[in-house]
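Asker: Show me the folded form of this:
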Amino acid sequence: MLGTLLQGTDNKNAALRLREMVTVLRRHDIVHGLTPTKLRAIFEDLGPTFVKFGQIMSMRPDFLPTEYCDELMKLQTSARPLPFSLILSIVEQEYKREWNKVFRMIDSTPLGSASIAQAHRATLTSGEDVVIKVQRPGIHEIMRMDLTLMKRAATIIRLVNRDNNVVDFRTLMDEMWNIAKQEMDFLIEASHIEEFAHLNRDSLFISCPRVLRDLSTQHILVMEYIDGIPLDQTDALHAAGINVTQIGRRLGENYAKQIIDDGFFHGDPHPGNIRIRNGTIVWLDLGMMGRLSNRDRTALRRAILALATHDTFEMKAAVLALGIVKGRIDHARLYQDIDVMMEQYGSLDFSDVHMGVLTNQILGILRMHNIGCPSGLAMFARGVMTVEIVMRRCAPEVSFLEIFARSLSLGLVEGMTWSEGLAKVRQEGIMLLRKSVQIPEQLADLLKMTMSGQAKLNIDLTGSEEPVQRLDKMINKLIIALLCAALLIASSTICTTDMKPQIGGIPFLGMLGYLIAFILSLRLIWDIHKGV
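Answerer: Have a look, this model is predicted:
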């Protein structure tokens, strides 16, 4: 196996790295199957590059089975710190001058060391406190080499979910590489930070670090230092007199805004990426950001509305709008699967529904019916699930789905007052009127299509396979009977002529026709007798 994988690997470092990878795979007995726990252990043993890939893979519940995503979320983000002397060398190489010409001080103890970069607190010569994020040297080439080798080894790796569906590992790795390349360009992250700041400029309780563009490059990112309390340190937040429940609600409201209004949201909203400074939520690490198109956001609105009204047909339309149809769809089975999902929420209050769980169920239905999923929607699913976990720690009584519904202006709240109830009735009347107004337009379009010959009728008969098979067999028997009759008539006509050649004064073709008709008749009689 090793010899096969080494074919085409001329680089000595690549060959050594491949041997190391194969050793890890053998140690975990990869040939006898792969479990979620085993995959996480393999990525941890393979080092920071694969830890990063594993973290990104955990955000694709539409592509990777849920049990694998949940396990890969446990991967640790820390990596072995780079020597401080190397950090200084990279800074001087990037700026083409001595480091102390730019910074008065750089703390030798890193704030964090991850697979792609290492962060240090520093002070500019002007006295401003900043964070300098330095990319690991050669990480682009290391990750590219690891990915190439992993794709060569992908032939022996089979990720199988409970439905025995095999995951296309090579395609998944290609997508992961595209995401990683964006994260390795710090100018892209700087643009993300500036766009996020612009979209939240009117919010009094949401912020992000300010980027120092003149000191930021593709490999170094310099931002203002945020001296806040991490969101997961609830005791420290309480001690500082911060209303943690209010913070949790504001977090949910802002994340809903990012998704619904902006279509530009944080792709990795775990507590380590959120700080609280003077009651303000500060979002950190904006390298991985997701985007949702207007089409995706409209489909999400339809899905939440369908859930609230228990409208299976509308939910089916929303699911199809969210996905990318790759082939023929069994609409009857799709409707049935969605109806089963909807039944789970029939007796639940809206505030008891978890948005992340619902989204993963929708993605599971897409996967079952071979419907593709945009990468932004997959990142949305993982982000929502993470935000709900964070909110349960801060404000367990606050429902993110309820906040999401409010942001959609659906008016779906339990325990309404009379005025709220009348407002809801008015809103439902408007929705009904809107659908009614569309009927004449839809009928006009249907008439135009019919008159121009463009209309098509698609009929999906549930349980129709067996009757169709019987009809097919009946038609086959009818065709054989018609052939027998045609052969008998034609042979009888030929036998009345002097056509040559002849056998015993009878034309040969006439005799051949009788023989074929006789054989076909015997076959037909046999099939009828056997009930075939």
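
Asker: For the stretch 101-250 of the chain, just list every one of the helices.
Answerer: All helices of the stretch 101-250 of the chain, identified by DSSP state H, counting those that start in this stretch, fall at 139-153, 169-183, 186-199, 234-239, 244-257.

Asker: Quick one: those as JSON lines, columns for mean pLDDT too.
Answerer: Shown next, in JSON lines, are the helices of the stretch 101-250 of the chain (pLDDT from 0 to 100):
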{"stretch": "helix 139-153", "mean pLDDT": "80"}
{"stretch": "helix 169-183", "mean pLDDT": "75"}
{"stretch": "helix 186-199", "mean pLDDT": "95"}
{"stretch": "helix 234-239", "mean pLDDT": "90"}
{"stretch": "helix 244-257", "mean pLDDT": "93"}
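
Asker: between the ones you listed, which gets nearest to residue 523?
Answerer: With CB to CB, the closest approach to residue 523 among those belongs to helix 169-183: 49.1 Å. C-beta here means a position set from N, CA and C on the backbone, and glycine is covered the same way.

Asker: Next, the angle helix 139-153 makes with that closest one.
Answerer: 180 degrees (axes from the mean of the first three to the mean of the last three CA atoms, to 10 degrees).

Asker: Could I have the CA atoms of helix 169-183 written out in CSV?
Answerer: The C-alpha trace of helix 169-183 is given here as CSV (Å, rounded to 0.1, in the frame of the first residue of the first chain):
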residue,chain,number,x,y,z
PHE,A,169,-13.8,12.4,1.0
ARG,A,170,-11.9,13.9,-1.9
THR,A,171,-14.5,16.5,-2.7
LEU,A,172,-14.8,17.4,0.9
MET,A,173,-11.0,17.9,1.2
ASP,A,174,-11.1,20.2,-1.9
GLU,A,175,-13.7,22.4,-0.2
MET,A,176,-11.7,22.4,3.0
TRP,A,177,-8.6,23.6,1.1
ASN,A,178,-10.5,26.5,-0.4
ILE,A,179,-11.6,27.6,3.1
ALA,A,180,-8.2,27.2,4.5
LYS,A,181,-6.6,29.3,1.7
GLN,A,182,-8.9,32.2,2.6
GLU,A,183,-7.9,31.9,6.3
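
Asker: Ok, which of the helices of the stretch 101-250 of the chain comes nearest residue 324?
Answerer: Once these are compared by CB to CB, helix 169-183 is nearest, at 13.8 Å.

Asker: That closest one packs against which elements?
Answerer: helix 48-57, helix 139-153 (3 or more CB pairs under 8 Å, 6 or more residues apart in numbering; DSSP states H and E).

Asker: most packed of the ones you listed?
Answerer: Across these, the average number of neighbours (mean count of other CB atoms under 10 Å) peaks for helix 48-57, which reaches a mean of 24.

Asker: buried sites along the following helix or strand past that helix?
Answerer: On the C-terminal side of helix 48-57, the nearest following helix or strand under DSSP states H and E is helix 66-72. By 16 or more other CB atoms under 10 Å, the buried positions in helix 66-72 come out as 66, 68-72.

Asker: ok now helix 66-72, how far from the chain's centre?
Answerer: Taking CA atoms, centre = their mean, to the nearest Å, one finds helix 66-72 lying 13 Å from the centre of the chain it belongs to.

Asker: and residue 323, what are its phi and psi?
Answerer: Residue 323 has phi and psi values of phi -90, psi 180 when expressed as degrees, to the nearest 10.

Asker: Could you do the one 4 residues further on as well?
Answerer: Backbone geometry at residue 327, expressed as degrees, to the nearest 10, gives phi -170, psi -160.

Asker: Relative to residue 293, how far out is it?
Answerer: 23 Å (CB to CB, to the nearest Å).

Asker: follow-up on the earlier one: with distance to residue 337 as new columns, can the helices of the stretch 101-250 of the chain be given to me in JSON lines?
Answerer: Rendered in JSON lines, the data for the helices of the stretch 101-250 of the chain read as follows (distance: least, CB to CB, whole Å):
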{"stretch": "helix 139-153", "distance to residue 337": "33"}
{"stretch": "helix 169-183", "distance to residue 337": "24"}
{"stretch": "helix 186-199", "distance to residue 337": "36"}
{"stretch": "helix 234-239", "distance to residue 337": "40"}
{"stretch": "helix 244-257", "distance to residue 337": "27"}
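
Asker: Quick one: closest of those to residue 94.
Answerer: Of those, nearest to residue 94 by CB to CB is helix 186-199, at 10.4 Å.

Asker: elements contacting the closest one?
Answerer: Applying 3+ CB pairs under 8 Å, 6+ apart, one finds that helix 186-199 contacts strand 220-224, strand 264-266.

Asker: Single out the most deeply packed of those strands.
Answerer: Across the helices and strands packed on helix 186-199, averaging neighbours per residue (mean count of other CB under 10 Å) puts strand 264-266 on top, at a mean of 23.

Asker: Check the offset of it from the chain's centre.
Answerer: Counting by CA atoms, centre = their mean, strand 264-266 comes out at 15 Å from the chain centroid.

Asker: Report the strands that pair with it, each with its relative direction.
Answerer: Strand 264-266 has its sheet partners listed here by DSSP bridges as strand 289-291 (antiparallel).

Asker: Contacts made by stretch 228-236 with the rest, please.
Answerer: Contacts to stretch 228-236, defined as CB atoms under 8 Å, 6 or more residues apart in numbering, come from residues 237, 240, 242, 244, 247, 251, 271-272, 274-277, 281-282, 390, 393-394.

Asker: From residue 402, how far out is residue 480?
Answerer: For residue 480, the distance to residue 402 equals 66 Å [CB to CB].

Asker: Neighbour count for these two, which is higher?
Answerer: residue 402 (21 against 15; other CB atoms under 10 Å).

Asker: Helix or strand: which one has that one?
Answerer: Going by DSSP H and E, residue 402 is part of helix 400-407.

Asker: pLDDT averaged over that helix - what is it?
Answerer: Per-residue pLDDT over helix 400-407 has a mean of 84.

Asker: sorry, back to before: next, format the buried residues of helix 66-72 as CSV and append distance to residue 220 and pLDDT.
Answerer: Converted to CSV, the buried residues of helix 66-72 look like this (distance: CB to CB, whole Å; pLDDT from 0 to 100):
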residue, distance to residue 220, pLDDT
66, 38, 73
68, 35, 83
69, 32, 80
70, 35, 79
71, 34, 85
72, 29, 84
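
Asker: Farthest-apart pair in those, please.
Answerer: Farthest-apart pair in these is 66 and 72; separation 10.8 Å (CB to CB).

Asker: Skip the chain neighbours and tell me the closest residue to residue 341.
Answerer: residue 361 (5.4 Å; CB to CB, 6 or more residues apart in numbering).
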